[in-house]
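> return atomic coordinates for the entry below.
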Amino acid sequence: MNISEFDYDLPPELIAQHPADKRDESRLLVVHRDTDTVEHRHFYDILDYLEPGDCLVMNNSKVIPARLFGVKEQTGAKVEFLLIKRREGDVWESMVKPGKKLHPGDVVSFDEAGRLRAEITGYGEDGTRMVRFLYEGDFSQLLSEIGKIPLPPYIDRESDQEDRERYQTVYCRDEGSVAAPTAGLHFTEELLQKVREKGVRTAFVTLHVGIGTFRPVKCETVEEHRMHFEEYYIDEENAGIINETKAAGGRIISVGTTSTRTLESAADEEGWVRAGSGSTGIFIYPGYRFKVVDALITNFHLPKSTLLMLISALYDREKILKIYGEAVSMRYRFFSYGDGMLIV
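Numbering: from 1, shown residues only. Sure thing, here's the model as predicted:
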């Protein structure tokens, strides 16, 4: 398959720059695979499509304030860090800008008091740097005070205080992502309570969203693309909930592509989910046979992206692109802060 087969036209003004006023009042496009029909609803109507005995599976990873602005102590040059992944202790892999100004041995300070500093210790992959943080006190607290939420590059503004709340799911728990699992942004505590009251079970997995989210597919041929590896974890209790649902004939409804990739990575060939931790570089595109996931809640994805390929694997590439065209004509809001889609 050629990457151009997953392209579509999107007017820039449909890229959501801010979240909806209320999480669950965003729009919801419902895709019925059995009848090849769609409905146009609001996200709070999701209850109409859930049945007792179903299980919603959500990624509870929390976005860290991974964007840091500082100055190179040797020259005073302004630099920007985007933390990618903690490697060991206080050593992180980070994207740096401008990269030409930072080499091993350089030290960067991120606040005037010098409470948080970093020394470049080496080179990572694809132009990243390995950095060791120097600080006194609690690193997470300092990062929370000094760092900024790393909004995706298609949101053309600086992050603000609102993003610290709205670019997180209401159920986030384990810090480690540099991008939000955005399908879950539509849920409120009240909506989740109604979901449970209807007899729908909820289960949580953890996959820390990494740098692959910011990087486009560069291969012309889809099959040549290689995903970046991301860490995931499923505990015994939540694996049990998922497997019990499956055994009882209920549907596994994945909230987001990250939950989907976690479930499909953690499952055996029969579709039973194994508890534990792992690292996944799974790439799901048309032709893939889903082992666990029966339905998917997701957002609208970038042209030529691996996420668009994943949902095309769950339904049908040509039909998905036709639906995207309809969403464009009906002025849906796209990407991270945009509207939702349910594929059943």
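
> so where's the stretch 151-300 of the chain uncertain?
Scanning the stretch 151-300 of the chain with the threshold set as pLDDT under 70 gives 213-215.

> switch the cut-off to 90
Scanning the stretch 151-300 of the chain for pLDDT under 90 picks out 210-218, 226-229.

> how about the residue nearest to the spatial centre of the chain, nearest residue that isn't a chain neighbour?
Centroid-nearest residue in the chain, with CA atoms, centre = their mean: Pro181, separated by 3.2 Å. Once flanking residues are discounted, Pro181 sits nearest to Asn59: 4.1 Å by CB to CB, 6 or more residues apart in numbering. C-beta: built from backbone N, CA, C; applies to glycine.

> state the pLDDT value of the one you found.
pLDDT for Asn59: 98.

> which residues does stretch 141-152 contact?
Counting contacts by CB atoms under 8 Å, 6 or more residues apart in numbering, the residues outside stretch 141-152 that touch it are 63-69, 82-83, 110-111, 115-116, 135, 157-159, 163-164, 167, 178-179, 213-214, 335-336.

> quick one: end-to-end distance for that stretch.
End-to-end distance for stretch 141-152: 23 Å, by CA to CA, to the nearest Å.

> so what does the residue nearest to the centre of the chain have for phi and psi?
phi -80, psi 90 (degrees, to the nearest 10).

> buried sites along stretch 249-267?
By neighbour count on 16 or more other CB atoms under 10 Å, the buried set for stretch 249-267 is 250-267.

> can I get stretch 231-241 in PDB, CA atoms only?
Output of stretch 231-241 as PDB, limited to C-alpha atoms (Å, rounded to 0.1, in the frame of the first residue of the first chain):
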ATOM      1  CA  GLU A 231       6.100   1.000  27.300                       C
ATOM      2  CA  TYR A 232       2.800  -0.500  28.500                       C
ATOM      3  CA  TYR A 233       1.400  -2.200  31.700                       C
ATOM      4  CA  ILE A 234      -1.700  -4.100  32.600                       C
ATOM      5  CA  ASP A 235      -2.300  -5.300  36.100                       C
ATOM      6  CA  GLU A 236      -3.900  -8.600  37.100                       C
ATOM      7  CA  GLU A 237      -7.200  -7.000  38.100                       C
ATOM      8  CA  ASN A 238      -7.800  -5.200  34.800                       C
ATOM      9  CA  ALA A 239      -6.600  -8.100  32.700                       C
ATOM     10  CA  GLY A 240      -9.200 -10.200  34.600                       C
ATOM     11  CA  ILE A 241     -12.000  -7.700  33.900                       C
END
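
> quick check: mean pLDDT across stretch 304-319?
Stretch 304-319 comes out with an average pLDDT of 97.

> quick one: contacts of the top strand by length along the chain?
When the chain is parsed with DSSP state E, its longest strand is strand 78-88. Identification of contacts with strand 78-88 by CB under 8 Å, 6+ apart yields 64, 66-72, 92-98, 101-102, 108, 110, 118, 124, 128, 130-131, 147, 150, 176, 178, 208, 210-211.

> re earlier: is it true that the residue nearest to the centre of the chain touches Ser61?
Yes: using CB atoms under 8 Å, Pro181 makes contact with Ser61 at a distance of 6.2 Å.

> which residues do these two both contact?
What both Pro181 and Ser61 touch, as defined by CB under 8 Å, 6+ apart, is the set Leu207, Val209, Thr258.

> what's near enough to touch the last one?
Under the criterion of CB under 8 Å, 6+ apart, the contact list for Thr258 reads Asn59, Ser61, Pro181, Leu207, Val209, Glu230.

> tell me the contacts of the residue nearest to the last one when sequence neighbours are not counted?
Distance criterion CB to CB, 6+ apart; nearest residue to Glu230, sequence neighbours excluded, is Gly210 at 4.8 Å. Gly210 makes contacts with Ile84, Lys85, Ser177, Val178, His228, Phe229, Glu230, as judged by CB under 8 Å, 6+ apart.

> in TSV, list the residues you listed along with distance to Lys218 and neighbour count.
Shown next, in TSV, are the contacts of Gly210 (distance: CB to CB, whole Å; neighbours: other CB atoms under 10 Å):
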residue	distance to Lys218	neighbour count
Ile84	18	22
Lys85	21	20
Ser177	23	24
Val178	20	24
His228	13	16
Phe229	17	14
Glu230	19	25
